[in-house]
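Undergrad: What would the 3D arrangement of this be:
(2 chains)
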Amino acid sequence: MSLSVDAGSRTRTVPPGPRRHARPPGGRRFWSWLDLRATPYLFVSPYFILFAIFGVFPLIFTAWVSLHDWQLAGDKTFIGMENYTELLADDKFWNSVLNTVGIFVIATVPQLLLALLLANALNKKLRGRLVLRLSVLAPLITSVVAVAVVFTQLYGRDYGLVNWVLGAFGVDPIHWQNEKWSSWIAIATMIDWRWTGYNAIIYLAAMQTIPKDLYEAAAIDGASPRRQFWGITVPLLKPTIIFTVIVSTIGGFTLFAEPVMFGAGLMTGGTTGQFQTVAMFIVKEGFRDFQYGYAAAAAWILFLLIMITALINFAIVRGIGRSR
Amino acid sequence: MMNNTRRGVLAAVAAGTLAITAAACGGDEAPAAAPSAGGSAAPAEKIEITLNTFGGGENFAYDDAVAQWNAANPNVQVKYVNLTDRFEDTYLPQVLQWLEAGSGAGDIIAMDEGAMGLMAARPQYFADLGQYGLDSRKADYPAFKYDVGLNTEGKLFALGTDIGGMAMCYRTDLFEKAGLPTNRDEVSKLWPTWNDYLEVGKKFKAKVPDAGFVDGANTVYNSVLAQEAGKNGGLYYFDKSQALVVDKNPGVKAAFDYVQSLSSAGLTAKLRSWSEEWNTAMQKGGFATMGCPSWMLGVISGTSGDSNAKKWDVAAVPGGSGNWGGSWLMVPSQSKHPKEAADVLNFLTGKDGQVAAFKEGGNFPSAIPAQQDPTVADAKNAYFNDAPSGPIFAASVAKLAPVFFGEKHAQVKAAVEEVLVGADQGSVKWDEAWTRFVEEGVKAAG
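TA: Numbering: from 1, shown residues only, chains lettered A, B, ... in the order given. Okay, the predicted model is just below:
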């Protein structure tokens, strides 16, 4: 990109070099200014305008709503921080936080490890490498809802495939929605099925930028492939791992479609909230019980939780490979 | 960086799409902006009235009625959109958002009885139907149906469609397997009371252990509660001053206790109403009976499909009559064509519209002239072994008691039934269930 528009520096007056016109007459000066100074901003403005409308405004408006007892199609009264104090004492909210974190951990940790190993395998010289690489991405292009519907049928209590297979080994039918552990596992498998390939491709792309001579040198020094993987590949992938961990954190904390479909489309996430995530809690409060203010407060707390968790994960992942 | 570039492209695409959509809307606006020049019922330009309903299977069964109207009124075309099969958790929130936003709702929207208290307390969102002369329809309705359509300002904002006369649907193939009678008159005699129904269930389960006697907690609970509400001053979860009475209304406790006795005896198939598994079980004969208000016939025939025709039949409900459900139609004040919408509403809730809906989906008419029409009064339902659905529901409806719905009826109903489903399915222990039931009710009432 050698486009020589300069939007930043104020000191620079006119680009050097031969001028075609000695001095622009009065009217031209405006056009020249527009061309040099304003155009770059105009070019980037659509993104920022849309971001302001769909990003910044909702954020601020949600904060404003969260300070009210705001009934959908009803009364709106200002109550200050009351929604937040009530929320922090609400068992159901903390239950949804626990579910969200629990599902995130049992889904993400195996997922990223598996993606790393998968990427390492795909980085080898294989027959039909392109086909294999593309096929790990296939789950990503299926719709989330379709995935959830199919998996929910597989995990059906009475007519599901999983229980049928387990039944062949003499296991009694499991009502997957009924217990925390079983519902979490079911939902985690949906997430992993969809996202493992995506993360593997990202890791693969990063692996291909690692210079081959590092491996050759290590091989000459007698490092085993396993040692090379942990000693060279993983440390050099660190920025990419940090990226995938943060993206997964955001995805995991806003988990919504899978548990909703798994729970017959309800926001309650099971009869006692076994798999109600924070996102579902927010929708339930806002759009089932019509307490907009309370839901808005929960949304802001979720935002803070994501920030905190992303920072913690960042700190943890940054330490990877240090000791080695 | 790369991400930003991509977003920029997306933004550009989004902006383009917006422009196109806006242009498309503008195109639609043009005829709408020109009102009926002649001042007659038929506007000069063709307009479209959107009708929003909810419900599974045949739902409001307006296909034929709408076709009739559209054929007779080329300039006022009705678009019939059934939004979802779920009322409390999907349809109602969507409608409230549209009302608050001031746009999005159809020109006519359907509302279940559970949310009528809420809508009556929001007069600002609905057109006054009296303004279009529909208050003249008062004589068509029994008082309890008509009065629910009056808002807190005493104005008519909704007219009734169907009512939920009560029956018990059963599978003849499963009854035969259990050695029970399959003829509907004999089946009705098996269970004059709910206790008899429980005893029949035990006999059934002894012979056919792999199918449930009843689907789950929801339909029986609602059937019993509907009868009990009639006995207890027409109250469900709220009294007439909008105070929560979930723990004080003996009717609620009686319905709860009955479900517990059924579930503890192992007679339910432990299914949640309106879930995928419930639908599948309905098709595969996973349960033998199900509490059946008149509109449920359409749900069963729509869900079970042609391969199960004649396998279902309709008997009397234990404990006599009852009312569960029934709906109303209303015109949101945001409609651009309230007059035409009111005309369509008048037709759909009138004799012809209600008779057509009954023929198509078995939805029992609330308007008296429609109930007296021979099509309804002598009707048989082919899907249900030619059951005389007309007389069965007419008998149960004749004794209907008026009931009262609080402003937050729908939320409390959803919350407490969740506890019942949980207890039935085993995630809540029965001895803790009543405490939890009341707690959830109190929380949902806010």
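Undergrad: only C-alpha atoms for contact and neighbour calcs from this point on.
TA: Noted.
Undergrad: Let's see the strand or helix carrying B:W98 as PDB, backbone CA atoms only.
TA: Using DSSP states H and E, B:W98 sits within helix B:92-101. Output in PDB follows, covering the C-alpha atoms of helix B:92-101 (Å, rounded to 0.1, in the frame of the first residue of the first chain):
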ATOM      1  CA  LEU B  92     -45.600 -11.700  23.900                       C
ATOM      2  CA  PRO B  93     -42.100 -10.100  24.400                       C
ATOM      3  CA  GLN B  94     -41.900  -9.500  20.700                       C
ATOM      4  CA  VAL B  95     -45.300  -7.800  20.700                       C
ATOM      5  CA  LEU B  96     -44.400  -5.600  23.700                       C
ATOM      6  CA  GLN B  97     -41.100  -4.600  22.000                       C
ATOM      7  CA  TRP B  98     -43.100  -3.600  18.900                       C
ATOM      8  CA  LEU B  99     -45.600  -1.600  21.000                       C
ATOM      9  CA  GLU B 100     -42.800   0.200  22.800                       C
ATOM     10  CA  ALA B 101     -40.900   0.900  19.600                       C
END
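Undergrad: which other residues reach it?
TA: The contact list for helix B:92-101, computed with CA atoms under 8 Å, 6 or more residues apart in numbering or on different chains, reads A:L72, A:A73, A:F287, A:R288, A:F290, B:G104, B:A105, B:A115, B:Y125, B:P332, B:Q334.
Undergrad: which regions of the stretch 301-446 of chain B sit below the pLDDT cut-off?
TA: Residue ranges of the stretch 301-446 of chain B with pLDDT under 70: B:399.
Undergrad: gap between the residue of it found nearest chain A and A:V260?
TA: Closest to chain A within the stretch 301-446 of chain B is B:G422: 4.8 Å, counting by CA to the nearest CA. Taking CA to CA, to the nearest Å as the measure, B:G422 and A:V260 are separated by 17 Å.
Undergrad: And for B:A101?
TA: 25 Å.
Undergrad: ok so, going back, just give me the closest of the contacts of helix B:92-101 to B:V314.
TA: B:V314 lies nearest to B:A115 out of the contacts of helix B:92-101, by CA to CA, at 28.3 Å.
Undergrad: so how many other residues sit close to that closest one?
TA: Applying other CA atoms under 10 Å in any protein chain shown, we find 20 residues neighbouring B:A115.
Undergrad: what sits against it?
TA: B:L92, B:F405, B:E407, B:K408, B:H409, B:A410.
Undergrad: mind giving me CSV with those and columns for secondary structure?
TA: Output for the contacts of B:A115, formatted as CSV (DSSP: H, G, I helix; E, B strand; the rest coil):
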residue, secondary structure
B:L92, helix
B:F405, coil
B:E407, coil
B:K408, coil
B:H409, helix
B:A410, helix
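Undergrad: A:W181 sits in which helix or strand?
TA: Short version, using DSSP H and E: A:W181 is in helix A:180-207.
Undergrad: After that helix, which helix or strand is next?
TA: Taking DSSP H and E, what comes next after helix A:180-207 is helix A:212-220.
Undergrad: what ranges of the stretch 101-250 of chain A fall below the confidence cut-off?
TA: Looking at the stretch 101-250 of chain A by pLDDT under 70, you get an empty list.
Undergrad: Which single residue of it approaches chain B most closely?
TA: Nearest residue of the stretch 101-250 of chain A to chain B: A:N178, at 5.8 Å (CA to the nearest CA).
Undergrad: tell me the secondary structure for that residue?
TA: coil.
Undergrad: swap in A:K124?
TA: A:K124 ends up coil, using three-state DSSP.
Undergrad: for B:A288, phi and psi?
TA: Dihedral angles of B:A288 (phi, psi; degrees, to the nearest 10) stand at phi -100, psi -30.
Undergrad: Among the contacts of helix B:92-101, which pair sits farthest apart?
TA: The most widely separated members of those are A:R288 and B:Q334, with 22.6 Å between them, by CA to CA.
Undergrad: Name the residue in the two with the higher neighbour count.
TA: A:R288 (26 against 19).
Undergrad: what does the model give that one for pLDDT?
TA: Turning to A:R288, the model gives it a pLDDT of 80.
Undergrad: Quick one: residues contacting it.
TA: B:E88, B:D89, B:T90, B:P93, B:Q411.
Undergrad: Can you flag which of those residues belong to helices?
TA: Among those, the ones falling in helices (DSSP state H) are B:P93, B:Q411.
Undergrad: Now render the contacts of A:R288 as a markdown table, adding neighbour count.
TA: Putting those into a markdown table (neighbours: other CA atoms under 10 Å in any protein chain shown) gives the following:
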| residue | neighbour count |
| --- | --- |
| B:E88 | 19 |
| B:D89 | 21 |
| B:T90 | 18 |
| B:P93 | 20 |
| B:Q411 | 22 |
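Undergrad: residues of the helix holding B:W98 that come out buried?
TA: Buried residues in helix B:92-101, counted by 16 or more other CA atoms under 10 Å in any protein chain shown: B:L92, B:P93, B:Q94, B:V95, B:L96, B:Q97, B:W98, B:L99.
Undergrad: So what are the structural domains in the chain, by residue number?
TA: Picked chain A for this. Per the record, chain A has its domains at A:26-65, A:83-318, by automatic domain parsing.
Undergrad: nope, chain B
TA: If you go by automatic domain parsing, chain B breaks into B:44-163+B:327-372, B:164-324+B:386-445.
Undergrad: tell me how far the first one is from the chain's mean position?
TA: Think domain B:44-163+B:327-372. How far domain B:44-163+B:327-372 lies from its chain's middle: 13 Å, per CA atoms, centre = their mean, to the nearest Å.
Undergrad: ditto for the longest one
TA: Taking the mean C-alpha point of domain B:164-324+B:386-445 and that of its whole chain, the gap between them comes to 14 Å (CA atoms, centre = their mean).
Undergrad: Next: stretch A:128-144.
TA: Relative to where its chain is centred, stretch A:128-144 has its mean C-alpha point 19 Å off (CA atoms, centre = their mean).
Undergrad: how long is it from one end to the other?
TA: 28 Å.
Undergrad: quick one: pLDDT of residue 48?
TA: Reading this off chain A. 90.
Undergrad: let's do chain B instead
TA: Looking at B:E48, the pLDDT reads 93.
Undergrad: how many other residues sit next to it?
TA: Counted with other CA under 10 Å, the neighbours of B:E48 add up to 16.
Undergrad: how about it, phi and psi?
TA: According to degrees, to the nearest 10, B:E48 has phi -120, psi 130.
Undergrad: Now it: closest residue in space that isn't a chain neighbour?
TA: B:Q77 (4.8 Å; CA to CA, 6 or more residues apart in numbering or on different chains).
Undergrad: Tell me how many other residues crowd A:W33.
TA: If you count neighbours by other CA under 10 Å, A:W33 ends up with 11.
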